[in-house]
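> Provided below for reference: sequence and predicted model.
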Amino acid sequence: MADNVGNADARPDLEFEEEFAPDEAGTIDEQEMAEAGAGCGQAAVGMPLGGHPDAPSSLSSRTDRAAEAPSGHPGGHPGGHPAGIPMDRQRHGGARSVGFRPGGGPEALAYQERTGIKAPRIIAWEITRSCNLSCAHCRAAAEFGHYHGELSLDQIKSTIDDIVTISNPIIILTGGEPLMRPDIWEIVDYAQAKGAMPVIGTNATLITDEIAAKMADHKIPRISVSVDFPTAEDHDAFRGQVGCFDATIEGIRIAKRHGIGVQINMTVTTLNADKVEAVHDLALELGIDAFHIFMLVPTGRGEDLLDKELPPLEYERVLAWAYERQKTSPLHFKPTDAPHYYRIIRQLAKAEGKKVTREEYGLDAMTRGCLGGITFCFISHTGDIQPCGYFDMQLGNVKQQRFSDIWTESKVFNELRDYSLLKGKCGRCEYKAVCGGCRARALSVTGDYLAAEPYCVYEPTPGAVCD
Ligand code: SF4
Ligand code: SF4
């Protein structure tokens with residue numbers, strides 16, 4: 001289930017970053033982990049029950065599935081937000097809680113000094129496209145079988161060798177279902193040994209005590225898990241698998257028992273927009289660390305869900321709900337693939353007579369809406385590089401070129417880094433430095449990734465400045 005992990009969103013804006021204290025500039029946060037959960041495509045909608053014909057017809061037998069899954073070893077963070085629950089009382093469990101600063105290592109700083117380009121801070125890596133589920137919204141349109149051309153372990157290791165010459169990123173191991181890859185623990189160990197931080201985006205249905213113990217033993221700080229509905233009936237229909245909801249919830253409980261941080265990702269569509277509060281409450285009940293709502297980007301299998309995408313005004317309503325709810329929720333929120341959120345929080349804060357500062361709003365004051373190609377990118381199962389998993393354009397392949405060369409030289413990456421190139425209303429918007437619009441959506445709808453974001457209701461005010 002290549003759930004919400006193809007995207008980025010979690011990097012301090014280039015301009016704001018100048019304001020950061022040196023010890024903060026490279027710090028990972030849950031926002032980054034959100035994208036980390038982003039290996040999976042996007043969840044959504046009423047899939048017929050049944051799933052893929054080759055997949056197990058029921059997820060009731062966790063023991064059986066564990067036997068198929070890799071086996072091996074035994075085994076939250078304060079973010080910030082709106083003047084309500086103080087940052088230090090919000091749950092965390094991400095890399096920051098263990099002091100990891102992605103893109104803050106000496107190689108990253110030297111790279112930036114040498115090239116003037118930010119080093120990647122988060123890389124979502126689809127280490128396999130195989131999946132035991134068949135979700136309606138899946139970015140990868142993943143299915144159960146083996147996919148031709150997947151990167152070998154040696155190819156993955158040599159790509160990591162190159163990545164760490166320019167950065168020490170968080171690497172979100174995603175899929176497909178990454179736990180379907182038998183050598184996942186070797187990949188985890190190798191990435192850690194090289195100074196990167198691997199995390200896992202999973203559907204959690206394969207998590208047994210043994211797998212969770214391995215996660216703990218291999219020092220996985222957090223996993224992200226997609227939960228789109230608060231009830232089994234709706235979630236199973238959406239995920240295309242009877243028993244999926246119960247298996248996912250059980251997997252989450254097991255992971256929590258082993259001390260693994262858990263982030264819930266919810267992809268919001270017209271099918272579940274009225275259930276966001278209920279899924280949030282379920283997350284609270286489960287003792288989750290972070291709650292990330294994702295806005296559907298209809299690519300991959302999700303293209304079939306085009307008519308389930310929220311209308312722009314509904315989109316605004318959900319993001320405004322997130323702003324208000326964060327005031328009282330102990331969970332860290334991170335609306336993802338929803339760059340307008342960083343415009344909306346400034347508008348709502350201003351209406352309350354507040355300014356979005358780091359002191360009061362924490363990381364939300366320091367990040368930017370869309371980070372694809374800026375400090376985030378996606379590597380496909382075959383080695384293609386994209387700005388994010390939903391941005392349907394391959395900028396190079398690690399089988400033919402070095403990752404570091406693609407990151408540095410790609411015309412598309414370099415255009416995404418230059419906000420002055422944005423067109424239409426995004427180009428003249430006072431919020432473009434903190435928002436930027438979803439470039440994948442612009443590409444999908446208009447064919448031009450620099451065009452105005454099609455799902456934004458805001459009309460920029462001539463001469464206005466970002467609050
Ligand atoms: S016009 Fe573009 S940059 Fe401005 S808020 Fe809307 S999506 Fe963001
Ligand atoms: S292009 Fe859209 S989906 Fe991709 S990182 Fe940016 S906001 Fe997220």
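Received it, and whenever you're ready, just let me know what you need. Ligands and ions are numbered 1, 2, ... in the order given.
> next helix or strand past the lengthiest strand in the chain?
Criterion DSSP state E: the longest strand present in the chain is strand 261-268. Counting by DSSP states H and E, the next helix or strand C-terminal to strand 261-268 is helix 276-286.
> I'd like the mean pLDDT over that next one, please.
Helix 276-286 comes out with an average pLDDT of 96.
> packing partners for that helix?
helix 244-257, strand 261-268, strand 290-295, helix 312-326 (3 or more Cβ pairs under 8 Å, 6 or more residues apart in numbering; DSSP states H and E). Just so you know, the C-beta spots here come from the backbone N, C-alpha and C atoms, and that holds for glycine as well.
> can you list these in a markdown table and add distance to Val225, mean neighbour count and mean pLDDT?
Shown next, in a markdown table, are the helices and strands packed on helix 276-286 (distance: least, Cβ to Cβ, whole Å; neighbours: other Cβ atoms under 10 Å; pLDDT from 0 to 100):
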| stretch | distance to Val225 | mean neighbour count | mean pLDDT |
| --- | --- | --- | --- |
| helix 244-257 | 6 | 21 | 96 |
| strand 261-268 | 6 | 28 | 94 |
| strand 290-295 | 10 | 29 | 92 |
| helix 312-326 | 19 | 18 | 94 |
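> At which residues are the strands of the stretch 351-467 of the chain located?
Secondary structure of the stretch 351-467 of the chain (DSSP state E, counting those that start in this stretch): strands located at 376-379, 385-386.
> partner strands of the last one, parallel or antiparallel?
According to DSSP bridges, strand 385-386 forms sheet pairs with strand 376-379 (antiparallel).
> now the strand it pairs with: mean pLDDT?
96.
> on that earlier part again, just so I know, which of the helices and strands packed on helix 276-286 lies nearest Leu179?
Nearest to Leu179, of all the helices and strands packed on helix 276-286, is helix 244-257, at 9.6 Å by Cβ to Cβ.
> what is the orientation angle of the closest one with helix 276-286?
Here helix 244-257 points in a direction 40 degrees away from that of helix 276-286 (axes from the mean of the first three to the mean of the last three Cα atoms, to 10 degrees).
> surely Phe378 meets Ile122?
No: applying Cβ atoms under 8 Å, one finds Phe378 not in contact with Ile122, separated by 9.7 Å.
> More neighbours: which of those two?
For Phe378 and Ile122, the more surrounded residue by other Cβ atoms under 10 Å is Ile122, and the numbers stand at 33 against 30.
> That one against Pro169, yeah?
Yes: the criterion here is Cβ under 8 Å, and Ile122 meets it with Pro169 at 5.8 Å.
> what helix or strand is Ile123 on?
When secondary structure is defined by DSSP H and E, Ile123 falls within strand 122-126.
> Within the sheet, what are the partner strands of that strand, with directions?
Sheet pairing for strand 122-126, assigned by DSSP bridges, gives strand 170-174 (parallel), strand 376-379 (parallel).
> Can you tell me which of these is nearest to ligand 2?
strand 376-379 (6.2 Å; Cβ to the nearest ligand atom).
> how far does the closest one sit from the chain's center?
10 Å (Cα atoms, centre = their mean, to the nearest Å).
> The chain against ligand 1: which residues are in contact?
339-340, 343, 425-426, 429, 431-432, 435-437, 453, 456, 458, 460 (Cβ under 6 Å from any ligand atom).
> per-residue confidence at the residue lying closest to Tyr458 once chain neighbours are set aside?
Using Cβ to Cβ, 6 or more residues apart in numbering and skipping the chain neighbours, the partner closest in space to Tyr458 is Arg343 (6.2 Å). In the prediction, the pLDDT value recorded for Arg343 is 96.
> Not counting the helix or strand hosting Arg343 itself, show me its contacts.
Using DSSP H and E, Arg343 sits in helix 341-351. Applying Cβ atoms under 8 Å, 6 or more residues apart in numbering, the set of residues contacting helix 341-351 from outside is 82, 316, 319-320, 322-324, 335, 355-356, 361, 364, 367-369, 429, 431, 434-435, 458, 466-467.
> so of these, which ones are in helices?
Mapping the contacts of helix 341-351 onto helices (DSSP state H) picks out Glu316, Leu319, Ala320, Ala322, Tyr323, Glu324, Tyr361.
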